[in-house]
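**Student:** dropping a prediction and its sequence here:
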Amino acid sequence: MKCALVTGGSRGIGSAICKKLAESKEYHILINYQSNVEAAEKTLEEVKQIGATGEIIKFNVSDATEVTEALTKWQDANPNAIVEVIVNNAGITKDGLFMWMSYEDWNNVINTSLNGFFNVTNFFIQKMLRNKYGRIVNMVSVSGVKGTPGQTNYSAAKGAVVAATKALAQEVAKRNITVNAVAPGFIRTDMTGELDEKELVKMIPINRFGEAEEVADLVGFLASRKASYITGEVININGGIYS
């Protein structure tokens, strides 16, 4: 059984990615969630309606012990399963000016994006190397590439994942494993629901927010065999927000 794991896969961009990966019918989709079981089950239902198989797995990506326990339990129950695709999508924001930022808000954001990438990817990387095939896609952000005021913590976390992407890509390329990052700009999701869209579109040459499905299309391509010569790249999908 070939599998694709999407962290933070229950809502928004993560959910759209699960559905996009389901379309190829190539993978059993592993939908990771932390708290919103209803959203995870809805995404699973939609994956099944597309004609793929899937299941939900609960763990907090930032908790190394919890990740290892949940994935070991899953692996033991599915000894013949091979995870070929990992999409590290789980992330949180705790925005605020740096001078007023609490250690907790700094730490939580770094732990989820950066340590989450490590905890999940590190669990599977040796198996991928033995299998001599893999696709790792890390969801970063325009904030991690250009930096966004009010998001020093988020920019730091995503910027670190950008650097990790480039380094890991070089380590595993000979084994037919690609590692890329996708950096969305303003995408219409729960996470951007609080933002002033009318004001922000003035910064975007394409003059609108992006849709989660547009990001999922890009991730789906990078996770496919068609993208076998692309690795160590950070691909921006932001409507031309800066160039």
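**Tutor:** Now that the structure is in, tell me what you want to look at. Numbering: from 1, shown residues only.

**Student:** low pLDDT regions in this structure?
**Tutor:** In the predicted model, the chain carries pLDDT under 70 at residues 191-195, 243.

**Student:** for it, list the residue farthest from the centre, please.
**Tutor:** With CA atoms, centre = their mean as the measure, the chain has its most outlying C-alpha, relative to the mean C-alpha position, at residue 99: 28.8 Å.

**Student:** doesn't it belong to a strand?
**Tutor:** No - secondary structure of residue 99 (DSSP: H, G, I helix; E, B strand; the rest coil): helix, not part of a strand.

**Student:** so what's it up against?
**Tutor:** By CB atoms under 8 Å, 6 or more residues apart in numbering, residue 99 lies in contact with nothing. All C-beta atoms are positioned from the backbone trio N, CA, C, and that covers glycine.

**Student:** likewise residue 13?
**Tutor:** Contacts of residue 13 were listed using CB under 8 Å, 6+ apart, and they are 89, 139, 184, 187, 189, 212, 215, 216.

**Student:** what does residue 160 give?
**Tutor:** 110, 113, 114, 144.

**Student:** same check on residue 52?
**Tutor:** Here residue 52 is in contact with 21, 22, 23, 25, 27, 28, 29 (CB under 8 Å, 6+ apart).

**Student:** again, 7 Å this time
**Tutor:** Going by CB atoms under 7 Å, 6 or more residues apart in numbering, residue 52 touches 22, 25, 27, 29.

**Student:** equivalent analysis for residue 148, please.
**Tutor:** With contacts taken as CB under 7 Å, 6+ apart, residue 148 has the following neighbours: 142, 155.

**Student:** what ranges does this structure have for its helices?
**Tutor:** For the chain, the helices identified by DSSP state H occupy 12-23, 37-50, 64-77, 103-110, 116-131, 142-146, 152-172, 197-200, 212-222, in order along the chain.

**Student:** surely residue 70 and residue 61 touch.
**Tutor:** No - counting by CB atoms under 7 Å, residue 70 stays clear of residue 61, with 10.1 Å between them.
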